[in-house]
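Enquirer: Give me a 3D structure for the following:
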Amino acid sequence: MQHGIGIAVQILVLTVAFYYLFLFFKGTRGAQVLVGLVLLLMALIGLTQISGLDALNWILRQISVFFGLALLVIFQPEIRRALAELGRQPSLVLPAEERASIAHIVEAVTMLAEHKIGALIAIEREIGTRAVQETGIALDARVVPELLASIFFPHTPLHDGGVIIRHNRIVAAGCVFPLSQNQEIHKSLGTRHRAAVGLSEDTDAVVVVVSEETGSVSVSCRGRLSRGLDEQQLERFLTTVLRRGSGESAMRRAQERLDLTPDGIARSDINGNGADKDTADI
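Expert: Next up, the predicted model:
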């Protein structure tokens, strides 16, 4: 009886573990690589087993032992981002300075959207973005709406790139963000949106995008793009993502990280219809 209960418990634990691993890796850049690698390895092992190629079959089985190491390499950005999330200290409210910074960012983005001026603004969190900052011009300025908006004004030296904000200060402008290789991103989305998703895939930064063609505002977080936000939604989104409630359970926080679909903030739409075309280079 006890042996049967033990087996059932093990099956339940493994089922839950595999389920949440599937949710974690679903939609990431390495998911397709992982599936392809597993299918290829299984096919080769089966083929060598059927064909009686014992030597090759033994080699393939030995290679499968290092499969865990391959997972660490393939999903290094996702694992790094998840560990940074787990290590973040929770807080019920945002400091006054950070609330003011969010308000200034929202004000600048609203001005840019009204004039249909393209923009790319990243808010750094736990994972550093020094490598990306080095591709631009180093700054050290307060987050002032007029200054932030003027950086992206057409024909200015720094408008053709992204801005990085760290600790409520503008630390770099004219930065080149890594482009996402996610094939599920809608084809009508241009370089600016792909750069926003790319940086949010590699780090835990929150990236705000303003479309140059339509003035539509989008936010990318954890590799997912929420589009068509108005001023109130953007402020609520940034406030919610940058705040961590101490009363949240670990499971709830994990679910929030794995599936960012804040119905009260915005709907995640990385491959939906009605995409606004933003083909401006950054």
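
Enquirer: Of all the helices and strands in this structure, which has the lowest average confidence?
Expert: helix 250-258 (a mean of 40; mean pLDDT, DSSP states H and E).

Enquirer: In what element of secondary structure is residue 236 found?
Expert: Using DSSP states H and E, residue 236 sits in helix 231-242.

Enquirer: looking only at pLDDT, what's the mean for that helix?
Expert: Averaging pLDDT along helix 231-242 yields 89.

Enquirer: Need the CA coordinates for it. PDB is fine.
Expert: Output of helix 231-242 as PDB, limited to C-alpha atoms (Å, rounded to 0.1, in the frame of the first residue of the first chain):
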ATOM      1  CA  GLU A 231      -1.400  56.400 -21.200                       C
ATOM      2  CA  GLN A 232      -3.100  54.900 -18.200                       C
ATOM      3  CA  GLN A 233      -2.400  51.300 -19.300                       C
ATOM      4  CA  LEU A 234       1.300  52.100 -19.800                       C
ATOM      5  CA  GLU A 235       1.600  53.600 -16.300                       C
ATOM      6  CA  ARG A 236      -0.300  50.700 -14.700                       C
ATOM      7  CA  PHE A 237       1.800  48.200 -16.600                       C
ATOM      8  CA  LEU A 238       5.200  49.800 -15.600                       C
ATOM      9  CA  THR A 239       4.000  50.200 -12.000                       C
ATOM     10  CA  THR A 240       2.800  46.600 -11.800                       C
ATOM     11  CA  VAL A 241       5.900  45.000 -13.300                       C
ATOM     12  CA  LEU A 242       8.400  47.100 -11.400                       C
END
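
Enquirer: Buried residues of it, list them for me.
Expert: The neighbour-count criterion (16 or more other CB atoms under 10 Å) identifies 233, 234, 235, 236, 237, 238, 239, 241, 242 as the buried residues of helix 231-242. C-betas here are computed from N, CA, C, even on glycine.

Enquirer: For the nearest residue to residue 132 once chain neighbours are set aside, which residues count as its bridge partners?
Expert: Spatial nearest neighbour of residue 132, chain neighbours left out: residue 175 (5.3 Å); criterion: CB to CB, 6 or more residues apart in numbering. Beta bridges link residue 175 to residue 162 when assigned by DSSP bridges.
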